[in-house]
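Asks: A predicted structure for the sequence below; I have some questions about it.
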Amino acid sequence: MTNREVRHEITVAAAPETIYRLLADVEHWPTLFPPTVHVDVVERGGSSERIRIWATANGEPKSWTSRRELDPAGWRIDFRQEISSPPVARMGGAWLLEPAADGQTIVGLLHDYRAVDDDPAKLRWIDDAVDRNSRAELAALKQNAELIAGADERLFSFTDSVDIEGDAKDVYGFLNDAGRWPDRLPHVGRVVLTEEVPGLQVLEMDTRTKDGSVHTTRSVRVGFPDHTLVYKQTTLPPLMSLHTGRWTLGPSATGCTVSSQHTVVINTENIASVLGPHAGTAEAKEFVRTALSANSLATLGHAKDYAERLRGDR
């Protein structure tokens, strides 16, 4: 039986307490860590918790359930996958925080794992995925911790909502069945939708904005019928370095209310090339918000027409 043990580390110019809070708060991991799409806390008690994670590994969407043991006094978090996703047979590890000189912290990320059937090719796949994700996660952790976790003006969120006199199930079906969007949404051109595991989708899409430009994006989407659909873009337009979203459906007096929430980090390096030399972060945020909001409200408008028409036909 081949069991691999690896360690990655990085030095961060932030206190261990700040870093520990970021690692403990799993609900914000999709914003913090590039590979993470969505995290749910399944149960929590004392220093233990069970979480379910949806993330990409070597570009492929994966999901697994882990148990974590949190030690805030020792600045350590141990984790062990309860249900791994092939080709992983077992996976565990720990986050270790060690105070360093000048107020810095050495962050260690440990992994131990083995492959299904101890297959050498599968083990190499896991080696590559662990190395790539660990480096990406540590770099993102360093950047976010040194910006004091959200104080950066490039990060913002907003929500659009629409009331629909229709059934939430029909609205969810419209949003979930993105493969039919080119026929249903005028601002959507080409779509490639794959769903090898029910509820876990990869969506590649060409979207037209109001100025006529076309952007190709790629997203990983996680669905929870018939109330929530979350996603994270893995291929982004030039003005964004992060974009996560969430469609949320809730009951209303006449049907349902649907909200579209976006969290974005502006890619400041591309502002001048996209918006001109005199534009800044504020102008980029307004441009992105206007574009995303227009597309979201257009999608919700067509979902509204679809669901209300179905209710009227019943």
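Replies: Cool, the structure landed. Numbers count the residues shown, from 1 in each chain.
Asks: which stretches of the protein have low pLDDT?
Replies: Along the chain, the model assigns pLDDT under 70 to residues 1, 147-151, 314.
Asks: what segments of it are helices?
Replies: Remark: helices assigned in the chain by DSSP state H are 16-24, 29-32, 120-146, 168-176, 181-184, 271-275, 281-313.
Asks: just so I know, which of the ones you listed lies nearest residue 257?
Replies: Of all these, helix 168-176 sits nearest to residue 257, with 9.1 Å by CB to CB. (Glycine included, C-beta is placed from N, CA and C.)
Asks: contacting residues around the most centrally placed residue in the chain?
Replies: Residue closest to the mean C-alpha point of the chain, counted by CA atoms, centre = their mean, is residue 37 at 2.7 Å. If you count contacts by CB atoms under 8 Å, 6 or more residues apart in numbering, residue 37 has them with 30, 54, 55, 56, 61, 220, 222, 230, 231, 232, 244.
Asks: how about 6 Å then?
Replies: Contact partners of residue 37, counting by CB atoms under 6 Å, 6 or more residues apart in numbering, are 54, 55, 220, 232.
Asks: next, format the residues you listed as CSV and append distance to residue 282 and neighbour count.
Replies: Below are these laid out as CSV (distance: CB to CB, whole Å; neighbours: other CB atoms under 10 Å):
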residue, distance to residue 282, neighbour count
54, 33, 24
55, 32, 24
220, 30, 24
232, 25, 27
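Asks: looking at those, spot the one nearest residue 209.
Replies: Relative to residue 209, the closest of those is residue 232; by CB to CB it sits at 20.1 Å.
Asks: isn't that closest one up against residue 246?
Replies: No: when contacts are counted by CB atoms under 6 Å, residue 232 is not listed as touching residue 246 (10.0 Å).
Asks: now do the strands in this structure.
Replies: Using DSSP state E, the strands of the chain run over residues 4-12, 36-45, 48-57, 60-71, 76-83, 88-99, 105-115, 155-164, 188-197, 200-208, 214-224, 228-235, 240-251, 256-266.
Asks: let me have the ones you listed in CSV, adding distance to residue 170 as columns.
Replies: Below are the strands of the chain laid out as CSV (distance: least, CB to CB, whole Å):
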stretch, distance to residue 170
strand 4-12, 46
strand 36-45, 23
strand 48-57, 25
strand 60-71, 26
strand 76-83, 32
strand 88-99, 37
strand 105-115, 43
strand 155-164, 9
strand 188-197, 19
strand 200-208, 19
strand 214-224, 15
strand 228-235, 14
strand 240-251, 10
strand 256-266, 9
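Asks: with respect to residue 132, which of those lies nearest?
Replies: Of all the strands of the chain, strand 48-57 sits nearest to residue 132, with 8.1 Å by CB to CB.
Asks: show me how far the closest one is from its chain's centre.
Replies: With CA atoms, centre = their mean, to the nearest Å as the basis, strand 48-57 stands 12 Å off its chain's centre.
Asks: before we move on, what about stretch 143-161?
Replies: Offset of stretch 143-161 from its chain centre (CA atoms, centre = their mean): 14 Å.
Asks: what comes into contact with it?
Replies: The contact list for stretch 143-161, computed with CB under 6 Å, 6+ apart, reads 12-14, 18-19, 22, 32, 257, 259-266, 281, 285, 289, 293, 296-297.
Asks: and what of stretch 226-233?
Replies: With contact meaning CB under 6 Å, 6+ apart, stretch 226-233 is reached by 30, 37-38, 168-169, 172, 175, 217, 219-223, 243-249.
Asks: give me the number of residues near the closest residue to residue 226 other than its chain neighbours?
Replies: Nearest non-adjacent residue to residue 226, counting by CB to CB, 6 or more residues apart in numbering: residue 172, 4.0 Å away. Other residues lying near residue 172 total 23 when counted by other CB atoms under 10 Å.
Asks: domains of the protein?
Replies: Following automatic domain parsing, the chain resolves into domains at 4-146, 155-313.
Asks: all good on my end, thank you.
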